[in-house]
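Novice: Generate a structure from the sequence data that follows.
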Amino acid sequence: MGRKSSIKIIVFYFIAGILYIFLSDKVLTSVVPDFSTFVFYSITKGFIFIAVSSLFIYLLLRKYFRQEIASREKVNKVKLNKIQTELDVNKKIKDDLLRYQANLNALIESDIQSFILLDKDTNILLFNKSASFYIKELTGVDIAAGLNLKSIVPENISESFLKNFESALNNVPASIERKFTLGGKVIWVNFIYTPAFNQNNEIFGVIFTGINITDRMNILNELKKTVEVYEELIKATPDAIAITNEYGKIEYISPVALELLRVKDISEALGQPCFRWFDGDDKDKVRESIKEIVGNKVQTKGNVYRMLRDDGTTFIAEFNSSPIINNEGNTTSFISTFRDITSRMESEEKLKQYSNELKELNASKDRFFSIVAHDLRNPLQGLLGFSSLLNDNFSDLTIDEVKEYIGYIFQSSKKMHSLTNNLLQWSRIKTGKIDYTPEKFNLYRAVRHSLDLLKPNALKKEIEIVPDIDENFSVYADRKMFDSIFQNLVVNAIKFSFPRTKVEVFAEPENNFIRISVRDFGRGIKDENKEKLFSIDTHFTTIGTLDEEGTGLGLILCKEMVEKHGGKITFESVYKKGSVFSFTLPLSG
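Specialist: Numbering: from 1, shown residues only. Alright, predicted model coming up:
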């Protein structure tokens, strides 16, 4: 409550008191007739008014003085806080000044960093011992305050000095590195030109600082040499090199890698995901490999992927990768070396193929000699045996016996001749010495020609051969091989057919080939013997329905000759119901 408010309340109170006394006297005069009683009430009324007024004034003054004291305490507290703040600021300023003074003293006494404070005319205002030493060594002049530095700067750096000095005066700091020779030793100094400001934040000069960076430059030069050596090694190595981060983005890629991937410029590779150069499903394989390298910090060796060059061509690459672990032990990138192994893979595949062919040839050779030793021995022994009987007992034998023995000799000779021819033909096919001369010919006429030759074989067993060949079909094949293949299949069909049945011959186009089939209704082939038919290793042979014998090489020869034409030979057979043998040859355009 303010002073003016208190005075207003007191004035209002006294006016109310006067009105109270005046009105109360009026009331007492009309109510109390006795004068003594009137006096008593008047005196009592006066005391009551005085007591109430005193109490009211006391309470009012107490409240006023309390507010006044609180207000003055608040003002004093604010003043105390302001004084404390000023003391703190002064203490900070003092501490800063002491620290600046300590730094300035350290700078003045420093042997590493030299500094000179110059005014706008390059006159020296302040300098330290290190600056004095180096200026003395470089110019032979002892510097002092007031000396104009421009006058003693060597001519070879004078222009650069003035240019950088003016730049600093224009509030643009400048810096330059210089190499000097002092006492026979090369030193590097980094000169820094910084504007100097006064209390009004106005530039009054330049702080000219020189820092000896010889050790740093020596380290940088050694590092540069090391980098150059590594770059030469990278250029010399035949392997491509790439550094990739944990997300698969390229951070570094060698020139060999750029050439291998047909990337025109390194900017087209840096920052790009490495997955763009991997083909098909190999992208997922690479992602899994990166997880393993980065997550488990392991090396991977010999991973093979198909890669896609920028020109659209593909190649097979072999990768060796190692994680790059930082000082915290974390792996955020990895380095990979890779090379094109397409030729090697092709060579290995060819070598594998040659190895399989060699194994097959060796097996065939062994089987060939086994056939020669075993299958030729029996007819040869028969031939020798019966010819020996004729030679030793000819005069004692009857005409019928001689005729019988000559028949045995003929059959043995015929079998041996057939086997020998088959063996010779097979060996010529395997060694690539057989003549292969494809030509266009009419299939219908070729089939009719072969069936006419085989008609006697069919008549012996009363077998009907039923051809169903379109007269317009033409094939492009070696005619001799065709005759051999077709006749062999028809002979087998007659051989395994029961007497008084039939053999069907038919053909149908199949893409750019024609499928020629021979069906019989004879003995058929057991399931366990089906895989043996075209294998030289097993030399599977069976007798016909009338005990006809074979060499066991006919179907093998057919298979080799059909494949020589790019076709296939297949069969379907049900035991005791018959078989269908089919082969394909190219159609003539």
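Novice: Give me the distance from the strand or helix carrying residue 163 to the chain's centre.
Specialist: Secondary structure assigned from DSSP states H and E places residue 163 in helix 155-169. Helix 155-169 has its C-alpha centroid displaced from the chain centroid by 53 Å (Cα atoms, centre = their mean, to the nearest Å).
Novice: in the protein, which spans are helices?
Specialist: In the chain, the segments counted as helices under DSSP state H are 3-31, 35-109, 129-139, 155-169, 214-236, 255-260, 282-296, 342-375, 377-393, 399-430, 443-460, 479-495, 554-564.
Novice: sorry, back to before: what packs against the helix holding residue 163?
Specialist: If you count contacts as 3 or more Cβ pairs under 8 Å, 6 or more residues apart in numbering; DSSP states H and E, helix 155-169 packs onto strand 174-182, strand 185-197, strand 203-212. In this view, the C-beta of every residue, glycine as well, is placed from N, C-alpha and C.
Novice: tell me the most buried of those?
Specialist: Mean neighbour count (mean count of other Cβ atoms under 10 Å) peaks for strand 203-212 among the helices and strands packed on helix 155-169, with a mean of 19.
Novice: for the helix holding residue 163, which positions count as buried?
Specialist: 161, 164, 165, 167, 168, 169 (16 or more other Cβ atoms under 10 Å).
Novice: one step back: would you turn the helices and strands packed on helix 155-169 into JSON lines with distance to residue 247 and mean pLDDT?
Specialist: Putting the helices and strands packed on helix 155-169 into JSON lines (distance: least, Cβ to Cβ, whole Å; pLDDT from 0 to 100) gives the following:
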{"stretch": "strand 174-182", "distance to residue 247": "37", "mean pLDDT": "86"}
{"stretch": "strand 185-197", "distance to residue 247": "38", "mean pLDDT": "90"}
{"stretch": "strand 203-212", "distance to residue 247": "40", "mean pLDDT": "90"}
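Novice: Can you say which of those is nearest to residue 445?
Specialist: Distance to residue 445, taken as Cβ to Cβ, is lowest for strand 174-182 among the helices and strands packed on helix 155-169, at 97.6 Å.
Novice: what sits up against the closest one?
Specialist: 134, 137-138, 157, 160, 163-164, 167-168, 186-193, 213, 217 (Cβ atoms under 8 Å, 6 or more residues apart in numbering).
Novice: distance between stretch 213-229 and the chain's centre?
Specialist: Centroid separation between stretch 213-229 and its chain, computed with Cα atoms, centre = their mean, is 34 Å.
Novice: actually stretch 74-86, not the one I wrote
Specialist: Offset of stretch 74-86 from its chain centre (Cα atoms, centre = their mean): 70 Å.
Novice: cool, stretch 133-144 as well?
Specialist: Chain-centre distance of stretch 133-144: 61 Å, with Cα atoms, centre = their mean.
Novice: what comes up buried for it?
Specialist: Buried residues in stretch 133-144 (16+ other Cβ under 10 Å): 134, 135, 138, 143.
Novice: Can you lay out those residues as CSV showing distance to residue 232 and pLDDT?
Specialist: Converted to CSV, these look like this (distance: Cβ to Cβ, whole Å; pLDDT from 0 to 100):
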residue, distance to residue 232, pLDDT
134, 38, 82
135, 42, 84
138, 38, 79
143, 47, 86
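Novice: Would you enumerate the residues in contact with residue 436?
Specialist: 478, 481, 564 are the contacts of residue 436 under Cβ under 8 Å, 6+ apart.
Novice: isn't the last one right next to residue 481, touching?
Specialist: What that stands for is residue 564. Yes. With contact defined as Cβ atoms under 8 Å, residue 564 counts as touching residue 481 (7.0 Å).
Novice: of those two, who's got more company?
Specialist: Higher neighbour count among residue 564 and residue 481: residue 481, with 24 against 16, using other Cβ atoms under 10 Å.
Novice: isn't the more buried one right next to residue 563, touching?
Specialist: No. Applying Cβ under 8 Å as the test, residue 481 and residue 563 come out as separate, 10.9 Å apart.
Novice: For residue 574, see how far away the residue lying closest to residue 517 once chain neighbours are set aside is.
Specialist: Counting by Cβ to Cβ, 6 or more residues apart in numbering, residue 517 lies nearest to residue 582, which is 4.2 Å off, once chain neighbours are set aside. In this view, residue 582 and residue 574 are 15 Å apart by Cβ to Cβ, to the nearest Å.
Novice: out of those two, which sits in the busier spot?
Specialist: Taking neighbours as other Cβ under 10 Å, residue 582 and residue 574 compare with residue 582 leading, 21 against 11.
Novice: For this structure, which helix or strand comes out least confident on mean pLDDT?
Specialist: helix 3-31 (a mean of 62; mean pLDDT, DSSP states H and E).
Novice: picking that back up, would you mind confirming that the residue nearest to residue 517 is in contact with residue 514?
Specialist: No. If you go by Cβ under 8 Å, residue 582 and residue 514 don't touch, sitting 10.4 Å apart.
Novice: if we can go back for a sec, mind picking the two most distant members of the buried residues of helix 155-169?
Specialist: Applying Cβ to Cβ across those, the maximum distance is between 161 and 169, 12.7 Å.
Novice: Below-threshold pLDDT in the stretch 351-500 of the chain: ranges please.
Specialist: Scanning the stretch 351-500 of the chain with the threshold set as pLDDT under 70 gives 361, 363-382, 414-419, 421-433.
Novice: give me that answer again for 90
Specialist: Under the criterion pLDDT under 90, the flagged ranges of the stretch 351-500 of the chain are 351-437, 450, 452-461, 480-481, 483-485, 487-488, 491-492, 495.
Novice: Return the distance of the closest residue in space to residue 240 that isn't next to it in sequence relative to residue 272.
Specialist: In space, and not counting its chain neighbours, residue 240 is closest to residue 257: 3.5 Å by Cβ to Cβ, 6+ apart. Residue 257 is 12 Å from residue 272, where distance means Cβ to Cβ.
Novice: ok, those two, which is more surrounded?
Specialist: For residue 257 versus residue 272, the count of surrounding residues by other Cβ under 10 Å is larger for residue 257: 23 against 15.
Novice: so who does that one touch?
Specialist: By Cβ under 8 Å, 6+ apart, the contact list for residue 257 reads 240, 241, 242, 263, 269, 338.
Novice: Domain map for the protein?
Specialist: For the chain, automatic domain parsing gives the domain ranges 3-81, 110-219, 237-340, 348-430, 438-586.
Novice: Same list (these) but as JSON lines, adding distance to residue 91.
Specialist: Output for the domains of the chain, formatted as JSON lines (distance: least, Cβ to Cβ, whole Å):
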{"stretch": "domain 3-81", "distance to residue 91": "15"}
{"stretch": "domain 110-219", "distance to residue 91": "20"}
{"stretch": "domain 237-340", "distance to residue 91": "42"}
{"stretch": "domain 348-430", "distance to residue 91": "84"}
{"stretch": "domain 438-586", "distance to residue 91": "103"}
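Novice: Pick the most deeply packed of those.
Specialist: domain 438-586 (a mean of 17).
Novice: residue ranges with poor pLDDT in the stretch 51-200 of the chain?
Specialist: By pLDDT under 90, the low-scoring segments of the stretch 51-200 of the chain are 51-115, 126-145, 149-159, 176-189, 198-200.
Novice: one more time with 80, if that's ok
Specialist: Low-confidence segments of the stretch 51-200 of the chain (pLDDT under 80): 51-80, 83-84, 86-113, 138, 182-183.
Novice: And the stretch 201-350 of the chain, by the same measure?
Specialist: 226-238.
Novice: hmm, 70 instead?
Specialist: Residues of the stretch 201-350 of the chain that meet the criterion pLDDT under 70 lie in 227, 229-231, 233-236.
Novice: Grab the nearest non-local neighbour of residue 554.
Specialist: Computed as Cβ to Cβ, 6+ apart, the closest residue to residue 554 that is not its neighbour in sequence is residue 488, at 4.6 Å.
Novice: ok, that neighbour - contacts?
Specialist: Contact partners of residue 488, counting by Cβ under 8 Å, 6+ apart, are 554, 555, 557, 558.
Novice: same deal with residue 94?
Specialist: By Cβ under 8 Å, 6+ apart, the contact set of residue 94 is empty.
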